[in-house]
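> Got a predicted model here, sequence first, then my questions.
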Amino acid sequence: MNTEILGILVMFGLSIILAIPLGKYIAKVYAGERTLLDPIFNPLEKLFYRLSGINPKTAMNWKQHIVALLIINAVWFVLGMIVLMMQGSLPLNPDKNPNMSVDLAFNTVVSFVVNCNLQHYSGESGLSYLGQYWLMFLQFVSAGTGMAAAVVIFKAFREKTTISLGNFYEHLVKSCTRILLPISFIVAVVLVFEGTPMTFEGKDTMTTLQGDTVSVSRGPAAAFVAIKHVGTNGGGFFGVNSAHPFENPSYLTNMVEMIAQMVIPMAMVFAFGYFIKRGKLSWMIFGVMTLGFLLLVIPTIRTEMYGNPAITAMGVEPGLGAMEGKEVRFGAATSGFWSIATTVISTGSVNAMHDSMMPLSGMNELLAMMTNSFYGGVGVGILNFFLFLVLAVFISGLMVGRTPEFLGKKIEAKEMKIAIIITLLHPFLILAITALAVALPDYTVESINNPGFHGFSEMLYEYTSSAANNGSGFEGLKDNTPWWNISTGIVLILSRFLPIIGPVAIAGLLAEKKFIPEGGGTLQTDTSTFGVVVFTVIVVVAALAFFPALALGPLAEYFSKI
Amino acid sequence: MKNHIIPAIKLTGVLIVFLAVIYPFLVWGIAQLGPNSGKGEIVEYKGAVYYSNIGQVFSEAHYFWSRPSAVNYDAVGSGASNKGPYNQFYLEEVQTRINTFLRLNPEIDKSEIPVDLITASGSGLDPNISVQAAKIQVKRIAKSRAINEAKLYELIDAQTEKPLFGLFGPEKINVLELNIALNESTSKSNQ
C-alpha cells in the first residue's frame, strides 16, 4: 500500500486508540478520583491554591463560573499587552526584536487569550523569547479555560438536580497540570531528540556549501511547539508554523504533532460519557463527528494527491501531487490530511500553505471551520457540539409532539433562545464582517495576494478562522494592518466568550431543573437515528448559511477552471 | 467580582512560574542530551558547520539543486509564495521554471520533471527533494564534474531516506547531505 496513505491511517487510528483511555483518565481527574499522578500533583496543587488564596472546594454556580473565567482572562489580556508592547527593552531578546505596535499587540494577545492563535507577525522577527514564552503561557491557560468550561456541562448532567457545579479555578489548574502539561512534556522530548531547537541563544550565521552567508533563526521552540498542539492552539514559533524544518523536522514529528492535537478533543467526548455514565451517548457523538471529519478529509486528500491540473497540463511528471507550499518530507497526502484535521479541531497550525491548496481543498478547510463541531478545540469542541445536540433534541421533540427532554431535563424557551442565538452568531459574524471588508476596499484590497475569486476566499478565510478560533490562514493576505488587526480582534473576542457563556448557561439552567426519569415516550438520544438528526442539523446550519459565500469564493474558482 | 481579581492575579503568577519557567527549563535540561545540545541538528564537513534540517541554495551546475524558495533559503525568516493554484502570474512563473530547467538540462524530457522541482515549498527552507528530482540532475552533474553517471546513481541510492520504519510517509533525499557526499566522492576519486 502507498506509504503516504498508510502514514495517515496510523496517525488517525492511534489518535482514536489513545483517546479512549485518555478520556477515562480525564473523567477521573475532574471527578476527583484517584489517578497515577496524584503523588506529584496533589501536594503541588495544594501549594498553588495556598499561594493564590483560593479554596478549591468552594462550589460555584454557573454565573460564578463565568465571572471567574472572564476576570482571569482579562488579567491575562492586560499583562499580555504590557509584555508585547515592551518586549524590546525586556530581557531574553538576543535578536533585538522591537516592541509590537498597539494594534498588533491587541490582535496577538486577544488571539492567544482566546485560544485562536491568529498570527499577524512572524515569530523570527516579531517576538523576543520572553514574548514567545508569554504566548506559551497563554497556550496552556487558554486551553485550560476551554476545558474548565466544558467541565461545567459535565457536572451539570452528572447530578440529578444541582446548582453547584464545582470550582472554576480547580478545573483550570487541574486541566493545566494533570492533562496538558504531562502530554506536552512527552511531545517536547520527542521533538528535541528529532532536532527541534531548544536553546536560548539567538540566531546563528553560517556559510553555505556554495559559499553564501545566511543567518539561521533558532530559539527555545520545542517546549512551545508541544503545547501549541496539545492545547489545540496552533500558533507557531516560527513564521511558517509546522512547515518549518525546525518546528516539524521529520515524518515522525509530524505524526506526533498530529496525534498530540487530535487526542484531547477526541478524549473529551469519551470523558463526557464516562463522567455522566452514558458511554453510548459518547459513541453517538463521536460517530457524528467522525462522519463529518471523513466527509471533509477524504476528498481533500484525493484532490491534493491528484495535483494541480494547470501544472499537469504543462507536461511535467505530476505523481507527487500539488506541491506548491508543501514540504517533500510530508508529501501532498499527509499535508491534505493535516489541513482538515487542523481546521476541524480549531488548532490552526499548518504543515503546508492552505492558500496554495486546490480550490475544493480550501473549501473543505472553510467548511471544517464553519461547522466547527467535528471534534473541535479542547473543551470548546464539546461545547459547540452541545448546542447542536440541544437544537436536534428540540426539532425531534417538535416532530413527535412532546416537550423536548435531554438527559432527563426539559428544554424550554429560555434554553432554546440561547442555543439559537449562539448557533447563528457564528455565521452572522463571519458573513457580516466579510461583507463589510468587501464593501470597504480602501482598507482591505491592498492586502490581497491573489486576484479574482481566490482573493475573496482569502478574506472569507481570515474571518472564518477568527470566528472558529482556529488561527490558520490563507497566509498570502497581508494582514498586519490596523484594519485586519482590529476587526479580527473583535471577532475573536465575541466568538470565543459568547459560545462559552451560552452552553455553560444552558447547562446551568438545566442542572437546576427537576430530573424526569426516562419513560417509554422519552426521546432516545444515544441512538444512531438521533445521530443522523444531529448531523442533519449541523449540515443545514452550515450549508445553508455559508453556501452563497462559498459559491463566490472556492466554488467559483473551481468551476471557472474546468 | 472584587473577590475574584486578587486570586486571579496570584494564580496567574503561580502558573507562570510553573508553566512558563519550570516546564521549559526541564525541557531545556533534557535538550542538553539531544542532538547538538538543542541548538539545531548540524553536519560538519571540512571544518564548516551546517544545519542539516535547513535547506540551502544550490544553483551551480555541479551540485544537486534544491527546490525553488519564496525566501531564497534565508533562514533568518521563513515563507511561502502563498500563490493560489490558478493564479495566472504564478502559472507563468512555473512555466518559466520548467523552461529554465530544460535549457540547463538539455538531455531531460519535460515529462520527467517532478513537480517538487518547479514549485516552492511551504517553509522556503525545505531541505529535501524527491528521488526523481535528484535522478534527472545526474546527466548535468556527470558532465560538469566529468564523472561516471552510474556512480551518481549509486550515490543517490545511498542517500535516499526510506519512509519512516519503511512504512510511513514519502521517500526523500536531503540535498545538503547528498551534495556533501558528492564532494566527498569526487575528491576521493581525484586523489
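Looks like it came in fine.

> Spatially central residue in the chain, please.
All of this is about chain A. Central residue of chain A (C-alpha atoms, centre = their mean): A:Ser346, 2.1 Å from the mean position.

> not what I meant, chain B
B:Pro127 (0.8 Å).

> Would you mind measuring from it to A:Trp76?
Distance from B:Pro127 to A:Trp76, counting by C-beta to C-beta, to the nearest Å: 37 Å. The C-beta positions use only the backbone N, C-alpha and C, and glycine is treated the same way.

> check contacts around the residue nearest to the residue nearest to the centre of chain B when sequence neighbours are not counted.
Nearest residue to B:Pro127, sequence neighbours excluded (C-beta to C-beta, 6 or more residues apart in numbering or on different chains): B:Gly55, at 4.2 Å. Residues near B:Gly55 by C-beta atoms under 8 Å, 6 or more residues apart in numbering or on different chains: A:Pro245, B:Ser66, B:Arg67, B:Ser69, B:Tyr73, B:Ser121, B:Leu125, B:Asp126, B:Pro127, B:Asn128, B:Val175, B:Leu176.

> pretty sure A:Phe286 contacts A:Ala267?
No - A:Phe286 lies out of contact with A:Ala267 (C-beta atoms under 8 Å); the separation is 10.3 Å.

> Between these two, which is the more surrounded one?
More crowded of A:Phe286 and A:Ala267, by other C-beta atoms under 10 Å in any protein chain shown: A:Ala267, with 26 against 21.

> just for chain B, where's the confidence low?
B:1, B:188-191 (pLDDT under 70).

> how does it look with 80?
Scanning chain B for pLDDT under 80 picks out B:1-2, B:187-191.

> Helices of that one, start to end?
Applying DSSP state H to chain B gives helices spanning B:2-15, B:23-31, B:88-104, B:131-135, B:138-145, B:149-159, B:175-190.

> packing partners for the fourth one?
In terms of contacts (3 or more C-beta pairs under 8 Å, 6 or more residues apart in numbering or on different chains; DSSP states H and E), helix B:131-135 is packed against helix B:149-159, strand B:172-174.

> which residues are contacting the longest one?
When contacts are defined by C-beta under 8 Å, 6+ apart, helix B:149-159 is touched by residues B:131, B:134-135, B:138-139, B:141-142, B:173-174, B:177-178, B:181-182, B:185.

> Can you get me a residue count around the residue lying closest to A:Val109 once chain neighbours are set aside?
Among residues not flanking A:Val109 along the chain, A:Gly80 sits closest, at 3.6 Å (C-beta to C-beta, 6+ apart). Neighbourhood size, A:Gly80 [other C-beta under 10 Å]: 22.

> for A:Gly80, what are its contacts?
Taking C-beta under 8 Å, 6+ apart as the test, what A:Gly80 contacts is A:Ala105, A:Thr108, A:Val109, A:Phe112, A:Val113, A:Trp134, A:Leu135, A:Leu138.

> Now with 10 Å, please.
A:Ala105, A:Phe106, A:Thr108, A:Val109, A:Val110, A:Phe112, A:Val113, A:Gly131, A:Trp134, A:Leu135, A:Phe137, A:Leu138 (C-beta atoms under 10 Å, 6 or more residues apart in numbering or on different chains).

> just those residues now: which is nearest A:Asn308?
Nearest to A:Asn308, judged by C-beta to C-beta, of the contacts of A:Gly80 is A:Thr108 at 33.5 Å.

> per-residue pLDDT, the closest one?
At A:Thr108, the model reports a pLDDT of 95.

> I'd guessed it sits against A:Gln119; true?
Yes - look at A:Thr108 against A:Gln119 with C-beta atoms under 10 Å: they come within range, at 7.2 Å.

> For the two, list the residues in contact with both.
Jointly contacting A:Thr108 and A:Gln119 under the rule C-beta under 10 Å, 6+ apart are A:Gly126, A:Leu127, A:Leu135, A:Gly235, A:Asn480.

> So which of those sit within helices?
Short answer: the shared contacts of A:Thr108 and A:Gln119 in helices (DSSP H) are A:Gly126, A:Leu135.

> Among the shared contacts of A:Thr108 and A:Gln119, the buried ones, what's the PyMOL command?
Command for PyMOL, covering only those of those found buried under the criterion 16 or more other C-beta atoms under 10 Å in any protein chain shown:
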select buried, chain A and resi 126+127+135+235+480
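
> Mind telling me the two of the shared contacts of A:Thr108 and A:Gln119 farthest from one another?
Using C-beta to C-beta, the two most remote members of the shared contacts of A:Thr108 and A:Gln119 are A:Leu135 and A:Asn480, lying 16.1 Å apart.

> any idea whether the residue of chain A most remote from its centre is helix, strand or coil?
Residue farthest from the centre of chain A, counting by C-alpha atoms, centre = their mean, is A:Gly211 at 42.8 Å. Secondary structure, DSSP: H, G, I helix; E, B strand; the rest coil: A:Gly211 is coil.

> who touches it in this structure?
For A:Gly211, counting by C-beta under 10 Å, 6+ apart, the contacting residues are B:Val57, B:Glu60.

> give me that answer again for 8 Å
Neighbour list for A:Gly211: empty [criterion: C-beta under 8 Å, 6+ apart].

> Also A:Met363?
Residues in contact with A:Met363 (C-beta under 8 Å, 6+ apart) are A:Leu550, A:Gly553, A:Pro554, A:Leu555, A:Tyr558.

> Repeat the analysis, applying 7 Å as the threshold.
By C-beta atoms under 7 Å, 6 or more residues apart in numbering or on different chains, A:Met363 lies in contact with A:Leu550, A:Pro554, A:Leu555.

> Against A:Glu365, how distant is the first one?
Taken as C-beta to C-beta, the spacing of A:Leu550 relative to A:Glu365 amounts to 11 Å.

> So between the two, which is more surrounded?
For A:Leu550 and A:Glu365, the more surrounded residue by other C-beta under 10 Å is A:Glu365, and the numbers stand at 29 against 19.

> what distance separates the host helix or strand of the more buried one from the centre of its chain?
In this structure, A:Glu365 sits in helix A:359-371 according to DSSP states H and E. Per C-alpha atoms, centre = their mean, to the nearest Å, the displacement of helix A:359-371 from the mean C-alpha position of its chain is 15 Å.

> If you count contacts, what does the next helix or strand after it end up packed against?
Sequence order places helix A:380-400 as the next helix or strand after helix A:359-371, per DSSP H and E. With contacts taken as 3 or more C-beta pairs under 7 Å, 6 or more residues apart in numbering or on different chains; DSSP states H and E, helix A:380-400 sits against helix A:129-158, helix A:251-275, strand A:405-406, helix A:413-439, helix A:482-512, helix A:528-550.

> can we see that at 10 Å?
Here helix A:380-400 touches helix A:129-158, helix A:251-275, helix A:279-306, helix A:359-371, strand A:405-406, helix A:413-439, helix A:482-512, helix A:528-550, going by 3 or more C-beta pairs under 10 Å, 6 or more residues apart in numbering or on different chains; DSSP states H and E.

> List the residues that contact the closest residue to B:Leu11 other than its chain neighbours.
Ranked by C-beta to C-beta, 6+ apart and with sequence neighbours excluded, the top spatial neighbour of B:Leu11 is A:Ser52, at 4.0 Å. Neighbouring residues of A:Ser52 by C-beta under 10 Å, 6+ apart: A:Tyr169, A:Val173, B:Ile6, B:Pro7, B:Ala8, B:Ile9, B:Lys10, B:Leu11, B:Thr12, B:Gly13, B:Val14, B:Leu15.

> can you tell me how far B:Asp74 sits from A:Val216?
9 Å.

> let me fix that: A:Met86
Noted for A:Met86: a distance of 27 Å to A:Val216, by C-beta to C-beta.

> Those two: who's more crowded?
Neighbour count, other C-beta under 10 Å: between A:Met86 and A:Val216, A:Val216 has more, with 21 against 15.

> Bridged to the more buried one, which residues?
Applying DSSP bridges to A:Val216 gives these bridge partners: A:Asp204.

> Dump stretch B:62-79 to PDB, keeping only the CA atoms.
Taking Å, rounded to 0.1, in the frame of the first residue of the first chain, the C-alpha atoms of stretch B:62-79 are listed here in PDB:
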ATOM      1  CA  HIS B  62      28.000  20.700 -10.400                       C
ATOM      2  CA  TYR B  63      25.600  20.400  -7.400                       C
ATOM      3  CA  PHE B  64      22.200  18.800  -7.000                       C
ATOM      4  CA  TRP B  65      19.800  21.700  -6.900                       C
ATOM      5  CA  SER B  66      17.200  22.400  -4.200                       C
ATOM      6  CA  ARG B  67      13.600  23.300  -4.700                       C
ATOM      7  CA  PRO B  68      12.500  26.900  -5.600                       C
ATOM      8  CA  SER B  69      12.100  29.000  -2.500                       C
ATOM      9  CA  ALA B  70      10.000  32.100  -1.800                       C
ATOM     10  CA  VAL B  71      12.600  33.400   0.700                       C
ATOM     11  CA  ASN B  72      15.700  32.200  -1.200                       C
ATOM     12  CA  TYR B  73      16.600  29.900   1.700                       C
ATOM     13  CA  ASP B  74      17.400  32.800   4.000                       C
ATOM     14  CA  ALA B  75      16.700  31.100   7.300                       C
ATOM     15  CA  VAL B  76      16.600  34.300   9.300                       C
ATOM     16  CA  GLY B  77      12.900  34.100   8.400                       C
ATOM     17  CA  SER B  78      10.700  31.600   6.500                       C
ATOM     18  CA  GLY B  79       7.900  31.900   4.000                       C
END
